[in-house]
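> give me the fold of what follows.
(4 chains, ligands or ions: 6)
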Amino acid sequence: MSTFKDFRIDIKPNWCPGCGDYSVLTAIQKAAANIGLEPENMAVVSGIGCSGRISGYIKSYGFHSIHGRALPIAQGVKMANRDLTVLAAGGDGDGFAIGTNHTIHAIRRNIDITYVVMDNHIYGLTKGQTSPLSSFGAKTKSTPLGSIEQPIRPLELAISAGAGFVAQGFAGNLAQLTKIIEEGIKHKGFSFINVFSPCIAFNKFNTYDWFKERIVNLDEDQNFDNSNRVLAVQKVMEHDSLVTGIVYRDPERESYENLVPNFKQEPLVKQNMSISREDFTDLLREFE
Amino acid sequence: MSTFKDFRIDIKPNWCPGCGDYSVLTAIQKAAANIGLEPENMAVVSGIGCSGRISGYIKSYGFHSIHGRALPIAQGVKMANRDLTVLAAGGDGDGFAIGTNHTIHAIRRNIDITYVVMDNHIYGLTKGQTSPLSSFGAKTKSTPLGSIEQPIRPLELAISAGAGFVAQGFAGNLAQLTKIIEEGIKHKGFSFINVFSPCIAFNKFNTYDWFKERIVNLDEDQNFDNSNRVLAVQKVMEHDSLVTGIVYRDPERESYENLVPNFKQEPLVKQNMSISREDFTDLLREFE
Amino acid sequence: MVNQLSWKVGGQQGEGIDSTGEIFATALNRLGYHLFGYRHFSSRIKGGHTNYKIRVTTKSMKAISDNLDILVAFDQETIDLNSGELRDGGVIIADSKFKPVANKDNVRLLSVPFTEISRNLGNILMKNMVALGATSALLGLSIESFKEIIEEMFLRKGQEVVDKNMEALKQGAEYVNKETNGPLEELRLAEADGKKRLFMTGNEAVALGAIAAGVRFMPAYPITPASEVMEYLIKKLPKFGGTVIQTEDEIAAVTMAIGASYGGVRTMTSTSGPGLALMQEAIGLAGITETPLVIVDVQRGGPSTGLPTKNEQSDFNAAIFGTHGEIPKIVIAPNSIEDAFYDTVEAFNLADRYQCPVIVLTDLALGMGKQTVEPLDYDKIEIDRGKYLGDQELPELEGELYKRYLFTEDGISPRVIPGQKNGIHHVTGVEHAETGLPSENPVNRKKMMEKRLNKINNIKINNPVIINKSHDEAEILVIGIGSTHGAIAEAVSRLEKDGYKINQAHIRLIHPLPKDQLKELMEKAKKVIVVENNGTGQIANLLNMNFGMIDKVKSLLKYDGNPFLPSEIYDGIRGLI
Amino acid sequence: MVNQLSWKVGGQQGEGIDSTGEIFATALNRLGYHLFGYRHFSSRIKGGHTNYKIRVTTKSMKAISDNLDILVAFDQETIDLNSGELRDGGVIIADSKFKPVANKDNVRLLSVPFTEISRNLGNILMKNMVALGATSALLGLSIESFKEIIEEMFLRKGQEVVDKNMEALKQGAEYVNKETNGPLEELRLAEADGKKRLFMTGNEAVALGAIAAGVRFMPAYPITPASEVMEYLIKKLPKFGGTVIQTEDEIAAVTMAIGASYGGVRTMTSTSGPGLALMQEAIGLAGITETPLVIVDVQRGGPSTGLPTKNEQSDFNAAIFGTHGEIPKIVIAPNSIEDAFYDTVEAFNLADRYQCPVIVLTDLALGMGKQTVEPLDYDKIEIDRGKYLGDQELPELEGELYKRYLFTEDGISPRVIPGQKNGIHHVTGVEHAETGLPSENPVNRKKMMEKRLNKINNIKINNPVIINKSHDEAEILVIGIGSTHGAIAEAVSRLEKDGYKINQAHIRLIHPLPKDQLKELMEKAKKVIVVENNGTGQIANLLNMNFGMIDKVKSLLKYDGNPFLPSEIYDGIRGLI
Ligand SMILES: Cc1ncc(C[n+]2csc(CCOP(=O)(O)OP(=O)(O)O)c2C)c(N)n1
Ligand SMILES: Cc1ncc(C[n+]2csc(CCOP(=O)(O)OP(=O)(O)O)c2C)c(N)n1
Ligand code: SF4
Ligand code: SF4
Ligand SMILES: [Mg+2]
Ligand SMILES: [Mg+2]
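Ligands and ions are numbered 1, 2, ... in the order given. The predicted structure is shown next:
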């Protein structure tokens, strides 16, 4: 059985010291080991951003793609090979600016992959512009006088888009984050996980402390029932999205692959790709 | 003052007889007249689809654009000229497949335009493929064995994206639809209006009758309070999105244009575009 | 008695014009005639004139005909719009209901009570059958030729329905027979060879080719005129355990295809111009990550939404040059429906062999045009996945990562796929080292660029140019690409008869161009005339870029939304020489 | 005493390397020296080697220098990576803290206690000032030259801070003075002309040009190396009542720009390769709707994400040929920072005059490179909105709609904007009639295509080619585009000195190409050498496509991520002749 170390690779990440992304990296590696995955059976598809580099720091199959398109690529990988554990990861800009369309549709399509948003409320790689998750009033390089747009509420959006697994973690709470990712991977269907992952270089506002002071840990709320969609939305609204834990989960919802007519358990990639002479003749008959 | 007729143009729409889009067309023309707009002060920007043709059937400035991009174009028009009443219109595929990213962001950005989705739960123009709003199980040209994706819930999505005005109309109820569009235009900020507009050619399931039997008219629900976000979402969930009327409205929310630092009431297009020698010299000084 | 004949049926969209043409064509196909169909339709659903023109020949003839022998009209608009095409002595068969007026001299108008007969038989929809009956009487075809088809269509509704339809045919035929006293000699079709052929569209041939090549997954977004590729696979893939995902847009379609291909499955997407434009960024990703990717672009009238239901060949530039930056890429264009099948199979082999994007360019005329093709040959289907290492061939990992981008002599590195124990590696759209990890090192960069760009230089494919070379030194070399092949061939054979020394070259491999072959042909010709369905002469420009024979290269262009007729090419070439 | 000098500072990203260079350059600019800067940075935020190379000259010199006189090193890596560039006798000034090793013969290493001095002064950040002090001692500059800048930076923090920084400078200078006994003669800078110049980047020049041209609205999406265009406008537009929207993606950016331009406001967007790829579909929309649209594409290393912080010129193909279908389009490329300003103004006039998309192509070297430019001339700013009808000029509506696409002699139809009473019309990406309503009529289609495609044929612009023609008949004509201008010019002047007859042509108007001018130049040259920062020779291909002189056109390419040095061009040309 593989361990945490098997998912490590001998490369120094080019993230700034103190960047929240280090925790996300560790949490994924730990979760993979905890579940008992083998590195070769995992594929991590990432977007472009500081966050996007993550696929190159995990020892597994890794695909560092283009800005905003990690999700369709990840879905393609899974459709090709159901046996793989497929993770998609990227920044808040990646998933909620340029990639929003794919995020919403991946959620409702419900292919069994796990999506980790590394949410620092800012554009890190391009040096500090506002992201759709930047707070109203946030002063960034592109909003020097303060952002005048309402931020996207990823949890509400995911729930309203029909997600079967919605969670939020915090880079400052590695244990919970690891657990959430584990559960996300185990969930059969699309898992949406937003992670507050502070950018220490460009977001001087939404710092570790800022989050720590505000976050409500749902794991500590005994009364919270994460199987009820309406309640889940209420809870999120109530705390202005600043919660961590698994917010909503519907274990009954069938994943896409299981609903595809005649889609086999054996991965497509392992099936015979030739068609028989008989089948070919059959196909031609229609045109006679 | 202009009347309904002033917004008509002598062209026979190429829609099928019985298509819901005729009602949407009439409702927009009536709403414009009721409000007292002049044709030259309205701009209708539409996408591509059967629905997208609407901009060519209204006597006003009309921009029939490309698939999924009506909203950014409409926002650009409004930013250029705040004096114009800007409407965007398009199909459910236009707004919730290829255009989802813009829909979500136009909502949260909150520029003062009105967006009418002509929702027939199908791709009309391309002859009957599934749309993201097609029901689970819907048999369409692209899902002959039934759709296996959960449909998008436009009202929930709009509310979760932070819309200040969310409504739904039905082509079978012209009076209500006209009123909703009027209110949408009057609302200062982005107005999201989804309209059930049956496609009689390709959607044999979600017919006029189908909608009639199921729709709950919120105008008739005296207890419903559309100023409460949480209650609005609950209401929509409760009736599985099959409601008509104004679902949520926040008249307090400032529109984008009013929040832009130093953005004048006088439209950009009417301002002097030259800069003075002094200002120019000032700009250069920084580089010395 | 004639060996060829041109027939057209027209009316309002939604009136069954298409199926009338289909039934007519299927019957003739089963008799062994060669058929070439072209559908004219508008960008709207119901209403609006539509027509279906079918050329029937006893020998293979791969182009739409210049003129028209028979026009079947369901409304006056059909006559008004199409009678110009009728040859002197041509026949209009029209529903007497709308009191047809011929609007042209030297044609014969047969007013037949389509509506009345069908109404009397109890179903007005059968007026199409009456029209077909009327047609067969003129051609001297037995209405029995339609029986099988009518049974296939209606037997599940009961024998009575079949009988009624046969009766409609019969009455239509009888009515005309009475008027004309039997088949008209100049329309009576010579007997066909009776051989089995397939009547299919280019889109169907492409989709069939994809299945034969092993495609089991297709993400795509609908768009005219490409949707049918996707729709065929939607119907058929489940039988082979595969599936189609209708994505949220073309960007999702192409990136999902890249993901699935990276995952090891053969996959494709299909689109038209606007979709291709949206895919450009991702095509670059496939290029730099060396991921096989097949995109079928069925061209239509551009630019922008342009003329979505009309024909054009104006995406060559976008297909070859559209991505930002520089990648290896292959662009091929089938020149017939038969080719569309084999070329699609070939496209997948090329994509795997050269590990790069392959764009298959067809157009509306080829994609939606329906023609008879010789039975497709199962034995010609070959699957070659290129340098693809199975678990057995894959040595134990030496370093931490497998060198997916190993520098090799031919620039192609052995491929592995996720799930293989010793193949773990990284893939990125950023410049990278052999392991796939990002690298900004200028020396590596230069090597990687050269590896990628040069690997397709030695590309080998059968018949990269389809050559019809009757002369060693030609007065004229006519060059075209794609669907124009048949029309050019017809024009060329007429020009040969006129005494011109003329060769024809039809380019199948558009990028990288088969330089040696083309250069020689062009050098040995006095004039090179490039025939293209666009407004700027994109292929001519491409030839100039590569061969520099600007002074001898002349363009024959058409960009009004319609494909070339053979006579237009004939006239055009005569005008240029 | 010398008239030119090359200086480089290097260290870890985030260590203040950039601002050290900036202060040095600003001081020298104010003394009247000419400067040419190039920043080397990696695609990461903190850490990773970065450096800033500045060439200082007493006369204008528009290229990075081949070698290096002084290297200021904040770590050993800087020495290891850059000492190769140092000329014999060059100097390394390094922080003694890391015990620097020269790693190269024939250079002089000055180990200066940057860290120690600054720590003693109470703030380790001041080590940059120590380094600058050390530099000025070598060059014989008075540290007083820095005083003004230091005051501008720190006075708001109190006089004490200013004094401390001046002290750091002083101690650095004194330390070196002690070691070298005063300025080194072969480094001592000759006095400059003292004239006022601007020190700015190409991106800033573009943004400034946009403001001058009347841009008041810009939708854009951040991307290296174009973000600074947007960021400058974000800072400045509010002063002029305008604003920037950071959109959700590039598709939104370009379509919002189209909307605003349709609305009548001058607007633009800026991006780099990947963004340009995403904009291709919308560019087609601007083309067919004849909406003015200005896009600035600051090229970077491709393909895909490629080398996002490196230089390349590989988007020519995408800019010219990327859209599907065929549209009128103009592509221009400024060849210097000064030009970037004027050409941007020109771009807006062209967009309005020809009512079509205009792409301004720059690259990372030009966009992020900072240079001295002569003061920009307010009087040269001209705004020409083309055929744009005000309410007064607009006649009463005749039909129901204004003929926005009226067929005219020059193909350009008078424009109106929403809000005008007599201008109501329709606009569509579908082929349309003069009123803008959709039309599939083939005759109209053909006319509209010709109207659109031909209207840019007679484009007039000042200096479409920048020509340095010393010979009527040249042995060699060197052609380039954009940022390579200065380096080519330097190489050319060296080759002239070697005795070659050589002309230089730098193309500013890339599409449509200024055919007559180029053709004549090329015809009169024995060899044409095209210098481009890419791997496939895109400009050479373009020239071949247009002029067919394939045999004389040779390519000099560089695609390792770095811009050409003058010596590389010199050597490269010598190698090709
Ligand atoms: C098509 C395209 N547009 C823009 C960019 C430039 N870009 C790279 S990363 C990024 C956003 C970074 O923000 P986020 O996704 O939040 O990631 P982070 O760096 O914060 O982890 C942008 C705009 C790009 N690479 N591709
Ligand atoms: C980029 C692009 N992709 C695809 C198409 C083809 N297309 C035109 S309309 C349409 C969808 C139509 O559905 P909807 O938006 O719901 O409009 P409706 O026709 O139902 O009113 C599609 C896929 C296109 N025009 N452009
Ligand atoms: S810039 Fe921000 S997001 Fe990027 S590595 Fe540094 S801390 Fe992390
Ligand atoms: S196809 Fe459907 S949506 Fe389109 S016009 Fe006909 S009824 Fe309306
Ligand atoms: Mg971020
Ligand atoms: Mg629809």
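
> and the residue in the stretch 51-200 of chain A that ligand 6 sits nearest to, which of the three is it?
For the stretch 51-200 of chain A, the residue closest to ligand 6 is residue A:105, as judged by CB to the ion, at 16.0 Å. Placement of C-beta: from N, CA and C, glycine included. What DSSP: H, G, I helix; E, B strand; the rest coil gives for residue A:105 is helix.

> how about the secondary structure of the residue in chain C positioned nearest to ligand 4?
Taking CB to the nearest ligand atom as the measure, the point where chain C comes nearest ligand 4 is residue C:45, at 3.7 Å. Using three-state DSSP, the structure places residue C:45 in coil.

> tell me the contacts of it?
When contacts are counted by CB atoms under 8 Å, 6 or more residues apart in numbering or on different chains, residue C:45 touches B:14-16, B:50, B:124-125, B:127, B:201-202, C:13-14.

> break chain C into its domains for me.
With domains defined by the TED database, chain C comprises C:4-180, C:200-373, C:465-575.

> lowest-confidence stretch among those?
With a mean of 93, domain C:4-180 has the lowest mean pLDDT of those.

> check whether that domain contacts ligand 2.
No: using CB under 6 Å from any ligand atom, we find that domain C:4-180 stays clear of ligand 2, coming within 8.5 Å at best.

> run the chain-centre distance for that domain.
The chain centre lies 25 Å from the centre of domain C:4-180; the measure is CA atoms, centre = their mean, to the nearest Å.

> skip the chain neighbours and tell me the closest residue to the residue of the stretch 351-500 of chain C found nearest chain B.
Closest to chain B within the stretch 351-500 of chain C is residue C:368: 12.3 Å, counting by CB to the nearest CB. Nearest non-adjacent residue to residue C:368, counting by CB to CB, 6 or more residues apart in numbering or on different chains: residue C:225, 5.0 Å away.

> ok, and the closest non-adjacent residue to the closest residue to chain A within the stretch 201-350 of chain C?
Residue nearest to chain A within the stretch 201-350 of chain C: residue C:259 (2.4 Å; CB to the nearest CB). Closest residue to residue C:259 apart from its sequence neighbours, by CB to CB, 6+ apart: residue A:76 at 2.4 Å.

> quick check: the one you found touching residue C:264?
No: if you go by CB atoms under 8 Å, residue A:76 and residue C:264 don't touch, sitting 10.8 Å apart.

> so which of these two has more stuff around it?
residue A:76 (32 against 23; other CB atoms under 10 Å in any protein chain shown).

> burial measure for the residue nearest to residue A:4 when sequence neighbours are not counted, as a count.
Nearest residue to residue A:4, sequence neighbours excluded (CB to CB, 6+ apart): residue A:33, at 4.4 Å. Look at residue A:33: counted by other CB under 10 Å, it has 21 neighbours.

> rewinding a little: give the other helices and strands that the host helix or strand of the residue of the stretch 201-350 of chain C closest to chain A contacts.
Using DSSP states H and E, residue C:259 maps to helix C:250-262. Packed against helix C:250-262 by the contact rule (3 or more CB pairs under 8 Å, 6 or more residues apart in numbering or on different chains; DSSP states H and E) you find helix A:70-80, helix A:100-109, strand C:217-220, strand C:268-271, helix C:273-289, strand C:293-299.

> please identify the deepest-packed of these.
When the helices and strands packed on helix C:250-262 are scored by mean count of other CB atoms under 10 Å in any protein chain shown, the highest mean neighbour count falls to helix A:70-80 (a mean of 32).

> what's that one packed up against?
Using 3+ CB pairs under 8 Å, 6+ apart, helix A:70-80 is in contact with strand A:42-46, strand A:85-91, helix A:100-109, strand A:114-119, strand C:217-220, strand C:243-246, helix C:250-262.

> returning to what we had before: which residues are in contact with the residue of the stretch 351-500 of chain C closest to chain B?
Residue C:368 neighbours (CB under 8 Å, 6+ apart): C:39, C:201-203, C:225, C:228, C:298.

> quick one, what contacts the one residue in chain C that gets nearest to ligand 3?
Nearest residue of chain C to ligand 3: residue C:438, at 14.4 Å (CB to the nearest ligand atom). Counting by CB under 8 Å, 6+ apart, residue C:438 makes contact with A:53, A:56, A:64, C:428, C:430-432, D:43.

> where along chain A do the strands fall?
A:42-46, A:61-64, A:85-91, A:114-119, A:122-123, A:129-130, A:165-170, A:191-196, A:216-217, A:243-249 (DSSP state E).

> that's all I had, so thanks and see you.
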